[in-house]
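# Fold the following and give me the result.
(chains A and B)
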2 protein chains.
Amino acid sequence: MERVEQHACFGGMQEVWKHRSEALGCEMKFAVYLPPQAGRGQLPVLYWLSGLTCSEQNFIVKTGAQRYAAEHGVILVAPDTSPRGEEVADDPSWDLGQGAGFYVNATQEPWSRHYRMYDYVVDELPQVIERNFPASDRRAVSGHSMGGHGALIVALKNPGRYRSVSAFSPIVAPSQVPWGRKAFAAYLGDDRQAWRQWDAAALIAQAQERLPLLIDQGEADEFMMQQLWPELLRTACEAAGHPIDLRMQPGYDHSYYFIASFIGEHVAYHAAAMRD
Amino acid sequence: MERVEQHACFGGMQEVWKHRSEALGCEMKFAVYLPPQAGRGQLPVLYWLSGLTCSEQNFIVKTGAQRYAAEHGVILVAPDTSPRGEEVADDPSWDLGQGAGFYVNATQEPWSRHYRMYDYVVDELPQVIERNFPASDRRAVSGHSMGGHGALIVALKNPGRYRSVSAFSPIVAPSQVPWGRKAFAAYLGDDRQAWRQWDAAALIAQAQERLPLLIDQGEADEFMMQQLWPELLRTACEAAGHPIDLRMQPGYDHSYYFIASFIGEHVAYHAAAMRD
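Residues are numbered from 1 along each chain as shown, chains lettered A, B, ... in the order given. A predicted model of the protein is given here:
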């Protein structure tokens, strides 16, 4: 592991590391914010999963989340959004391949060799964090858009692994929208039954845990009607009796200005859940 | 004038506009954040001047200043850092020409035709803002690095025009450091006496107003010893009896992570000065 960036920030340290990932078979970067409390024992960790085209940089540069992490004594971890490198399969479009891993384990050629972001995010990365930083095993997860989908599915598929989950503008039903159908057909093949294992709206019916889903969705989000469909998740939750707090935010779009405006509330929410 | 971006942010609106600048003879973009209070009367305005290579984007994307502007009811305005366009003189290096206007009025060819950022920032832009937005004539100015130099000189050269001034990691004595000497030789020519009219450390001796200079400087700033030299300004202020609050911040570097960590205190400082 090698530290490639380090900046003092709100009394703590914003760092970026690179390491060889076993799950992905390539070198990966992740960002970690260590709040001022990092010298005093093991701290809870909020994992952030970013959206299409993003890297480990977007969250740490654009959201101002470090301020709230410093207030609450929470470590922030933000991985890249896919495997990377010349030897890693890619696609000319921006919504498939590098920068668009969709947090699944691919089963189809040429993707199956490296595209195992689910294993990376759920297993390998927390091990790296908990071994190398003053991090406890109290975990929470959040994300934006494709990363909101990622946050929902890793929480729904792993009862007991996360204390809390939230999402901004998530793709709640990837099996049913253009971004998700394109990615799932490539990574998972044509068997739509297999897709359901990676689709939050489908997973709700079989969820063993009743972890509340906190979701912020901008009403002026330019992708809401074609790609995000938050009401599908609300309907699925109501049918299954699963708790959801879907907050429609008037006037807000899909950008990081939306995330910046509400990330403080999400960090406080996760900090409280990880405190108990 | 045309609005090219608009995003809800902390209950207000982050906008980017483009317009034809008379002072610069080209089309320019500027960013303006309108806090939630913008519907209720005329608000004070904090002007932010960015550093080398920046555009109107860096401040609005990276600092999280909108949160504090919303708290205090302050409009934020961030112009680009130079004239722009194919017809505007440029230089292959990143510290001269487009993205590096240095907030002076150039007197030398080929720069003198467009490079009049001082006139733009001091006169034209405030007129545009005060005519087109719910902005009062209560003004404050701040900036980073080259823009910290800009903030200091526009305040020192215009007694009564700004209620307060601050800077992050400013170039306090451009006549004496490599970035400034290169830019001033190009824009202003070889007469070093002329340079003194655009150099904060030199202007202090003749300052007619005693506006306190609030300056934050990271002690781990990679440019401090070669380009910034904050102690030169402290010495000049002590010699002239001019008030200065130079805060050396341990561990912080030259990046926007530093600005993000302290911009809340600067916005509060300016808001208080503009409230009186």
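# Residues of chain A that sit close to chain B?
Selection of chain A residues close to chain B by Cβ under 8 Å from any Cβ of the partner chain yields A:7-11, A:14, A:61-64, A:66-67, A:218, A:220, A:249, A:251-253, A:255-258, A:260-261. Any C-beta I mention is one placed from the backbone N, CA and C, and that applies to glycine too.
# Let's see which of those end up in helices.
The helices, defined by DSSP state H, take in A:V61, A:K62, A:Q66, A:R67, A:Y256, A:Y257, A:F258, A:A260, A:S261 from the residues of chain A next to chain B.
# farthest pair in those residues?
A:Q66 and A:F258 (17.9 Å; Cβ to Cβ).
# At which residues are the helices of chain A located?
A:57-62, A:65-72, A:117-119, A:125-132, A:146-156, A:178-188, A:192-195, A:200-203, A:230-240, A:256-275.
# Need the winner for burial among these.
For these, the largest average neighbour count (mean count of other Cβ atoms under 10 Å in any protein chain shown) is found in helix A:146-156, namely a mean of 28.
# Just list what that helix packs against, helices and strands only.
Packing partners of helix A:146-156 (3 or more Cβ pairs under 8 Å, 6 or more residues apart in numbering or on different chains; DSSP states H and E): strand A:43-49, helix A:117-119, strand A:135-143, strand A:164-168, helix A:200-203.
# and the longest one, which strands flank it?
Think strand A:135-143. Strand A:135-143 pairs in its sheet with strand A:43-49 (parallel), strand A:164-168 (parallel), by DSSP bridges.
# any idea how far stretch A:175-191 is from the chain center?
Relative to the chain's own centre, stretch A:175-191 is displaced by 19 Å; criterion: Cα atoms, centre = their mean, to the nearest Å.
# hang on, the earlier thing: the helices of chain A: which one's closest to A:L211?
Minimum separation from A:L211 across those (Cβ to Cβ) falls at helix A:146-156, 5.8 Å.
# Could I get the average pLDDT for that closest one?
Average pLDDT, helix A:146-156: 98.
# just stretch A:196-213 next, same as before
Here the average pLDDT along stretch A:196-213 is 94.
# How far off centre is that stretch?
Put simply, stretch A:196-213 sits 15 Å off its chain's centre (Cα atoms, centre = their mean).
# Let's see the distance spanning that stretch from one end to the other.
Stretch A:196-213 has an end-to-end distance of 18 Å (Cα to Cα, to the nearest Å).
# Can you point out the buried residues in that stretch?
For stretch A:196-213, the neighbour count (16 or more other Cβ atoms under 10 Å in any protein chain shown) marks A:W198, A:D199, A:A200, A:A201, A:A202, A:L203, A:I204, A:A207, A:L211, A:L213 as buried.
# residues touching A:R113, list them.
A:R113 is in contact with A:G25, A:A89, counting by Cβ atoms under 8 Å, 6 or more residues apart in numbering or on different chains.
# and it, how far is that from chain B?
Separation of A:R113 from chain B (Cβ to the nearest Cβ, to the nearest Å) stands at 35 Å.
# Which residue does the stretch 101-250 of chain A have closest to chain B?
Scanning the stretch 101-250 of chain A for proximity to chain B using Cβ to the nearest Cβ identifies A:A220 as nearest, at 6.8 Å.
# And the pLDDT at that residue?
Taking A:A220 on its own, its pLDDT is 98.
# so who does it touch?
By Cβ under 8 Å, 6+ apart, the contact set of A:A220 is A:P250, A:G251, A:Y252, A:D253, B:A8.
# Quick check: phi and psi on it?
phi -100, psi 20 (degrees, to the nearest 10).
# out of everything not next to it in sequence, what's closest to it?
A:D253 (5.0 Å; Cβ to Cβ, 6 or more residues apart in numbering or on different chains).
# Would you agree the one you found is in contact with B:E5?
No. In this structure, A:D253 is not within contact of B:E5 by Cβ atoms under 8 Å, at 10.1 Å.
# Which one's more surrounded, these two?
A:D253 (20 against 17; other Cβ atoms under 10 Å in any protein chain shown).
# All good on my end, thank you.
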